[in-house]
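Asks: what shape does this take:
(chains A and B)
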Amino acid sequence: MTKELLDRIQFGVTASFHFIFPPLSLGIGLMLVIFGVQSVRTNDPKWRQLSLFWVRIYGLIFALGVATGIVMEFEFGTNWSVYSRFVGNIFGSLLAAEGIFAFMLEGGFLGLMLFGGSRLGNKLWLFATSMVVIGAHFSALWIVMANSWMQTPAGFEIQVGPNGAQAVMTSFSEVVFTPSFVVRLLHVLVASWMLGAAMVASVSAWYVLKERHVDIAKTMLKVSLPIFCVLAVLQAAVFGANQATEVTDYQPQKLAAMEGVWSDQSCAPMYILGWVNTSERTTTGIKIPCLLSILVGKSPDTVVQGLDSFPDDEHPPVNLVFQVYHLMIDLGSLFVGIAALVAFMAWRRKLFTSRWMLRIIVANVLLVLLAIEAGWWTTEFGRQPWIVWQQLRTLDAGSPNVSATTVAISLTGFVIVYAVLLVMFVWLLNRKIQDGPEEPPAMEDLESLPNSFGEIFARRPRASSRVE
Amino acid sequence: MWLNQLWFVLYVVIIGGYVILDGFDLGVGTLYLFVAKDDTERRLVLNSIGPVWDGNEVWLVLGGGALFAAFPLVYASLFSGFYLAMMAVLLVLIMRAVAIEFRSKRPGVRWRRTWDVFFAVASAGIAFLLGVALGNVLRGLPIDAAGNMNVSFTALLSPYALALGVAALLMLSVHGGIFLTLKLEDELLARVERLVPRLMIAFFVVMTGLIAWTLLLDEDFAQNYRDRIWTVVFPVAALAAAVVAWRSILVQASMRAFLASSSMIGLLMASVAASLFPVMLPSSTDRANSLTIYNSASQQNTLTVMLVIAVIGLPFVLLYTAGVYYFFRGRVRLDDTSY
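Replies: Purely as a prediction, here's the structure:
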């Protein structure tokens, strides 16, 4: 295996594993804010019970997100030193901004959120939770911004110095608002919220099936399912579709690879399933005529540029991009179907009694996670052979002073450690779900907890009896 | 050019913030198995850092980001040159985070004991490796004209670097121990109070030797101090802070001891920075290849944008960090939500 491939596999493995956790914390975070708001609004202890349950799961997810996230931040420097020098001025700034605006907010308030269940009244706990969740969203904002700059770079010029080429910032606002940033951010956030809602729904449906914690499980389903259904439809119709239009305008090679389009054509079809033969330069499969042209140009006459219009050495791995892209959109379409089914069953008042419906809801969360990963793979594989679109090739971006053997060693290490972590994570998550939510807190206990900043400062420190 | 200098100072502040804040919870982790015997004691010690360790570790993330942004060439050269050592650091960082989070999730004795060992070994490992890393930077690195270096993992383990690793481990153990005197009670507290002065003596002995070794290692360090005589303030004040910490811990003035120990760490970091400035990574092959705050920095435009971001962001960070510490002040009590 070449060193470039090893570097890419390592980055792909570590990024894909990391990317399980941030969308989960964004999505479950949103659910926690909803539970918190309900808690403040209604004072019903069941909402606090739900928060206590999900906060523990959030803690587990967050810890793994941080641990695997630091790996990402270090890996740019360890494996991609030429890239790091090239983009430090720009990409580095966005990562640093994430650190100071987002991560600090999350990390700072996380303790209050995790331990707030026994220390804070509803309002203050909601405040702490909201700060963590806002922090998580800021984090997504800066990271997606940095990624978008790699996809559609803007606001820079190239300067060549003694240590190689560097992209130097000429306009911060152009760096921030690259053409793909806003559409990509919305697409990622909506996907993450879908995942959080699907996760909460999955656990609740399982409880209903097992006839455990049924009341509280139904409450969770009533909150999470409408969110999932609405977002599933919006994602397919608006946020996902917008992303396709954006790719057409700024990365036509990527779009051509996504749908396996070889020659320029009007009335370009959209595949449901298919296979790309890159040596014969053909694409075969089940397709819907003209849909791609309609999707990207609002008219069947729109000409979609094919891969033949671009030099072969600027093609991404076409079949791979095609497959992961179709995995994502097929799952996305499936979610619309599930949403329709859920709506229908709710209308017929059979949602909580239909066992097959509940089983679908239990399994759904894994499909959402798979779709999210597939989306990430599409955008990253589709950017190849560039690490920074049309500025720096991935092949030229690695650390020249690190050998293939060294990367193979670290890759093996990551695979082993991450496999162990994944098994433990799933096992602990399963145990937590099996244990179920604890009894709701007594109202009188709750009233003794501080619920405003004033009360916190008025409170006397505990057991400070020692003379200093 | 003043922006480069300002960013060097800001960078030292961020790294200092990391070593002071995460330092005490790494120290707590290092002492963990020695001071806490049964599950309740271990939970008390673990929960002393429970609400804050995550926020503390973020300073490291911030340090990585700020280095990438402000001095990308240092970031690229250092991280790729230390490849396997960096992987070792990442491994212990992961181990530590999951150990803290996983331990409390199940009640089993063997489950908890296993994670206890992971937590302690990883905490000590991070403290030690950070010291070793600094030792290698001070000793000089084989940086070539293109800014790359190729150092084998074993070459990083020179006697000087290992000695600095030990000093870092001792320093953070003392710092963590002092933090624990603020958080524990009764027999557990007494145990820590007996331990801390002994660790301090060991630290002072190692540190004295290490300072002498450092000055012998490279005359540039002493020359830099002679050229900027006012910077002698940092090591002198660090010594004063160490004395205050020592006297405070003996009279059980825990808070004063903790502030003194924090100041000492910050001032030691400043002392190291003053001895290097304006060099960030000294090259041992050719002085001309050294990475400095001028030849390795981002352009002025980026540094300006970053400064604006830091000026907006840092006050908030300090404000809510202080707020969270204030909220969790006082001695540890265990409840349902504890680790």
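
Asks: relative to A:Glu73, how far out is whichever residue of the stretch 251-400 of chain A sits closest to chain B?
Replies: Per Cβ to the nearest Cβ, A:Ser399 is where the stretch 251-400 of chain A lies closest to chain B, at 3.8 Å. For the C-beta atoms, the positions are set from N, CA and C on the backbone; glycine is no exception. Separation of A:Ser399 from A:Glu73 (Cβ to Cβ, to the nearest Å): 16 Å.

Asks: between these two, point out the one with more neighbours.
Replies: A:Ser399 (26 against 21; other Cβ atoms under 10 Å in any protein chain shown).

Asks: and the residue of the stretch 1-150 of chain B at minimum distance from chain A, how many neighbours?
Replies: Among all residues of the stretch 1-150 of chain B, B:Pro72 sits closest to chain A, at 2.1 Å; criterion: Cβ to the nearest Cβ. A total of 30 residues lie near B:Pro72 under the criterion other Cβ under 10 Å.

Asks: which one is it nearest to, not counting chain neighbours?
Replies: Nearest-residue entry for B:Pro72: A:Gly88, 2.1 Å, with adjacent residues in sequence omitted and distances by Cβ to Cβ, 6 or more residues apart in numbering or on different chains.

Asks: thought that neighbour was touching B:Ala66?
Replies: No. With contact defined as Cβ atoms under 8 Å, A:Gly88 does not count as touching B:Ala66 (11.1 Å).

Asks: pick out whichever of these two has more residues nearby.
Replies: With neighbours defined as other Cβ under 10 Å, A:Gly88 and B:Ala66 compare such that A:Gly88 has more, 31 against 28.

Asks: give me the pLDDT for the more buried one.
Replies: If you check A:Gly88, the pLDDT there is 91.

Asks: also A:Arg466?
Replies: 37.

Asks: what segments of the chain are strands?
Replies: You didn't say which chain, so I picked chain A. Secondary structure of chain A (DSSP state E): strands located at A:156-161, A:164-169, A:265-266, A:270-277, A:282-288, A:303-304, A:386-388, A:392-393.

Asks: wrong one, I was asking about chain B
Replies: Using DSSP E, strands in chain B cover B:279-281, B:291-292.

Asks: how many neighbours does the closest residue to A:Met328 other than its chain neighbours have?
Replies: Once flanking residues are discounted, A:Met328 sits nearest to A:Ala374: 4.0 Å by Cβ to Cβ, 6+ apart. A:Ala374 has 19 neighbouring residues, counting by other Cβ under 10 Å.

Asks: out of the strands of chain A, indicate the one that is most buried.
Replies: strand A:386-388 (a mean of 22; mean count of other Cβ atoms under 10 Å in any protein chain shown).

Asks: what's the domain layout of chain A?
Replies: Domain ranges of chain A: A:1-150+A:403-462, A:182-402, per automatic domain parsing.

Asks: residues of the stretch 151-300 of chain A that sit close to chain B?
Replies: Residues of the stretch 151-300 of chain A lying near chain B by Cβ under 8 Å from any Cβ of the partner chain: A:Gln159, A:Pro162, A:Asn163, A:Gly164, A:Gln166, A:Val168, A:Met169, A:Thr170, A:Phe172.

Asks: in chain A, what helix or strand scores lowest on average pLDDT?
Replies: Lowest on mean pLDDT, DSSP states H and E among the helices and strands of chain A sits helix A:443-447, with a mean of 71.

Asks: point me to the residue of chain A nearest chain B.
Replies: For chain A, Cβ to the nearest Cβ, closest residue to chain B: A:Gly88, 2.1 Å.

Asks: report the contact partners of that residue.
Replies: A:Gln166, B:Phe68, B:Ala69, B:Phe71, B:Pro72, B:Leu73, B:Tyr75, B:Ala76, B:Ser298 (Cβ atoms under 8 Å, 6 or more residues apart in numbering or on different chains).

Asks: how does it look with 10 Å?
Replies: For A:Gly88, the contact set (Cβ atoms under 10 Å, 6 or more residues apart in numbering or on different chains) comprises A:76-77, A:95, A:166-168, B:67-76, B:296-299, B:302.

Asks: wait, A:Ala404 sits on A:Asn79?
Replies: No. Using Cβ atoms under 10 Å, A:Ala404 is not in contact with A:Asn79; the gap is 11.4 Å.

Asks: who touches both of these two?
Replies: By Cβ under 10 Å, 6+ apart, the residues touching both A:Ala404 and A:Asn79 are A:Lys3, A:Leu6, A:Asp7, A:Gly398.

Asks: how many neighbours does the third one have?
Replies: To tie it back to what came earlier, the one meant is A:Asp7. Counted with other Cβ under 10 Å, A:Asp7 comes out at 24.

Asks: right, and A:Ser333 touches A:Ala236 too?
Replies: Yes. Under the criterion of Cβ under 10 Å, A:Ser333 makes contact with A:Ala236 at 6.5 Å.

Asks: quick one, which of those two is more surrounded?
Replies: A:Ala236 (17 against 14).
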